[in-house]
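*Asks:* quick one: sequence and predicted model below, then my questions.
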Amino acid sequence: QVQLVESGGGLVQPGGSLRLSCAASGRIFSIDRMGWYRQPPGKQRELVATLASGGYTNYADSVKGRFTISKDISKNTVYLQMNSLKPEDTAVYYCNLDLRTSPLTQNNIWWGQGTQVTVSS
């Protein structure tokens with residue numbers, strides 16, 4: 001099995017920064033895509049950013065220019081650097097990995113447990 005452990009959430013003032021981390025462990029053969037999603041209070045989960053194995057990135061319009069997704073593949077870890085945070089960025093943030101556990105299996109999606117980010121003065 002695969003475990004995803006997130007860290008880095010917390011309370012920050014508007015305009016501040018946070019860096020989220022998501023470390024994957026367990027039986028991992030390959031990772032095709034890594035991403036971050038978030039669920040604001042009372043709303044549905046939404047895409048924040050994704051990073052494909054070839055390096056292609058995709059960002060939600062609301063975070064472009066403020067957030068940066070990156071990875072350390074040697075550590076099976078994906079990061080989300082969040083700058084110029086706004087109150088509307090308040091949400092539970094989830095990492096999401098599209099990976100295979102062996103060369104004989106199909107891709108599956110794995111989710112982290114979520115980490116709370118609160119932007120408030």
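*Replies:* Happy to help now that I have it.
*Asks:* now do the strands in the protein.
*Replies:* Ranges of strands within the chain are 2-7, 10-12, 18-26, 30-39, 46-52, 57-59, 67-72, 77-82, 91-100, 108-111, 115-119, based on DSSP state E.
*Asks:* how about the contacts made by the spatially most central residue of the chain?
*Replies:* Among the residues of the chain, Trp36 comes closest to the average C-alpha position under CA atoms, centre = their mean, at 2.7 Å. Listed by CB atoms under 8 Å, 6 or more residues apart in numbering, the contact partners of Trp36 are 20, 22, 48-50, 69, 78, 80, 93-96. (Each C-beta comes from the backbone N, C-alpha and C, glycine too.)
*Asks:* let's go with 6 Å and repeat that
*Replies:* With contacts defined as CB atoms under 6 Å, 6 or more residues apart in numbering, Trp36 is in contact with 48-49, 80, 93, 95.
*Asks:* turn the residues you listed into JSON lines, including pLDDT, distance to Arg27 and neighbour count.
*Replies:* Shown next, in JSON lines, are those (pLDDT from 0 to 100; distance: CB to CB, whole Å; neighbours: other CB atoms under 10 Å):
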{"residue": "Val48", "pLDDT": "98", "distance to Arg27": "27", "neighbour count": "25"}
{"residue": "Ala49", "pLDDT": "98", "distance to Arg27": "26", "neighbour count": "22"}
{"residue": "Leu80", "pLDDT": "98", "distance to Arg27": "25", "neighbour count": "27"}
{"residue": "Tyr93", "pLDDT": "98", "distance to Arg27": "25", "neighbour count": "24"}
{"residue": "Cys95", "pLDDT": "97", "distance to Arg27": "18", "neighbour count": "28"}
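*Asks:* could I get the residues you listed as a markdown table with distance to Thr115?
*Replies:* Converted to a markdown table, those look like this (distance: CB to CB, whole Å):
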| residue | distance to Thr115 |
| --- | --- |
| Val48 | 12 |
| Ala49 | 15 |
| Leu80 | 10 |
| Tyr93 | 5 |
| Cys95 | 9 |
